[in-house]
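Enquirer: missing the sequence, but the structure's below:
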């Protein structure tokens, strides 16, 4: 099935027919090349506009989450100290944490390629679609993470000695990484890019897509979210991020993942409607030269 960009956008915006998402995911065709990039473009637009389209209920939830985040920020320093002590005392954490944390970075790409390859080789359309959507969620969340890092300029916990410096992650403001210091040098960009966590956001953005696409298989969401949680916790034990960084990143990743899957479901509903309209049988009555002429019209599309 192919459709013009205008048809696609119209379907995304206004298609409201109810369809069983599990049946759609398992039976519909693989995402086409053109559809992938149209979906990705629409994902960015919808995510950027989402703060301006929040309902009253959404605003209440956002307010509650902001309060929780503020509370966690007050505990950032103590949580960081506890994480450092656990890392120093527990040999298992020291051995496992550095490996687990890699799956929120480049290993995440290798994992998606591996899973996606299985889907394509065995023609499992749901698995291949889920992987393509996971890459969209990964890309969109990565853009927002980078933007927030540049805007906030928060200092990472790994750049100070907790025994001599009582910092709990100073916020240096917009684009501090590009500003020159008094001696004419630029600050280390990595030092002031703590908020939010790119690894945690990537992990949850990917996990959410697979969890949403496989709701009918309870073990998939459990495995996906458990893995993402371990990756996120490793960012704290590795002292690369504050707890509040990880909390916000978790929410960001989940929201991106859910939006990407929701957008895909709208495309699926458009496909279903278009498929029904391919061939149609209509009844018409013509009135010509004072004669009534009934006719049947069968349309091929």
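Expert: Alright, I've got the coordinates. Every value quoted in this text rests on a predicted model; they were computed, and no experiment measured them.
Enquirer: distance check, residue 135 against residue 159.
Expert: Applying Cβ to Cβ, to the nearest Å, the value for residue 135 to residue 159 is 32 Å. Where you see a C-beta, it was placed from the backbone N, CA and C, and this is true even at glycine.
Enquirer: and the two? Which one has more around it.
Expert: residue 135 (20 against 16; other Cβ atoms under 10 Å).
Enquirer: leaving out chain neighbours, which residue sits closest to the more buried one?
Expert: residue 112 (6.2 Å; Cβ to Cβ, 6 or more residues apart in numbering).
Enquirer: next, give phi and psi for the one you found.
Expert: Note on residue 112: backbone dihedrals following degrees, to the nearest 10 are phi -60, psi -40.
Enquirer: ok, and the closest non-adjacent residue to residue 100?
Expert: Distances taken as Cβ to Cβ, 6+ apart put residue 234 closest to residue 100, at 4.5 Å, once the chain neighbours are dropped.
Enquirer: under the pLDDT cut-off, which ranges of this structure? List them.
Expert: Residue ranges of the chain with pLDDT under 70: 1-29, 161-168, 181-189, 274-301.
Enquirer: contacting residues around residue 108?
Expert: Counting by Cβ atoms under 8 Å, 6 or more residues apart in numbering, residue 108 touches 138, 202, 203, 206.
Enquirer: against residue 205, how distant is it?
Expert: 9 Å.
Enquirer: list residues touching both of these two?
Expert: Common neighbours of residue 108 and residue 205 (Cβ under 8 Å, 6+ apart) are residue 138.
Enquirer: hang on, the earlier thing: list the contacts for the residue nearest to residue 135?
Expert: Contacts for residue 112 (Cβ under 8 Å, 6+ apart) come out as 131, 134, 135, 138, 206.
Enquirer: show me where the stretch 101-250 of the chain has helices.
Expert: Remark: helices assigned in the stretch 101-250 of the chain by DSSP state H, counting those that start in this stretch are 106-121, 125-152, 198-213, 219-237, 243-276.
Enquirer: most tightly packed of those?
Expert: Ranked by mean neighbour count, the helices of the stretch 101-250 of the chain are led by helix 198-213 with a mean of 28 (mean count of other Cβ atoms under 10 Å).
Enquirer: relative to helix 243-276, how tilted is that one?
Expert: If you take axes from the mean of the first three to the mean of the last three Cα atoms, to 10 degrees, helix 198-213 sits at 30 degrees to helix 243-276.
Enquirer: what's the offset of stretch 80-92 from the middle of its chain?
Expert: 30 Å (Cα atoms, centre = their mean, to the nearest Å).
Enquirer: got the buried residues for it?
Expert: Going by neighbour count (16 or more other Cβ atoms under 10 Å), the buried part of stretch 80-92 is 80, 83, 84, 87.
Enquirer: pretty sure the third one sits against residue 240.
Expert: Spelled out, it's residue 84. No. Residue 84 is beyond contact range of residue 240, at 12.0 Å (criterion: Cβ atoms under 8 Å).
Enquirer: about what we covered before: going by distance to residue 74, which of the contacts of residue 108 wins?
Expert: Closest approach to residue 74 among those (Cβ to Cβ): residue 203, at 25.1 Å.
Enquirer: quick one: contacts for the closest one?
Expert: Applying Cβ under 8 Å, 6+ apart to residue 203 gives the contacts 103, 104, 108, 227, 228, 231, 232, 253.
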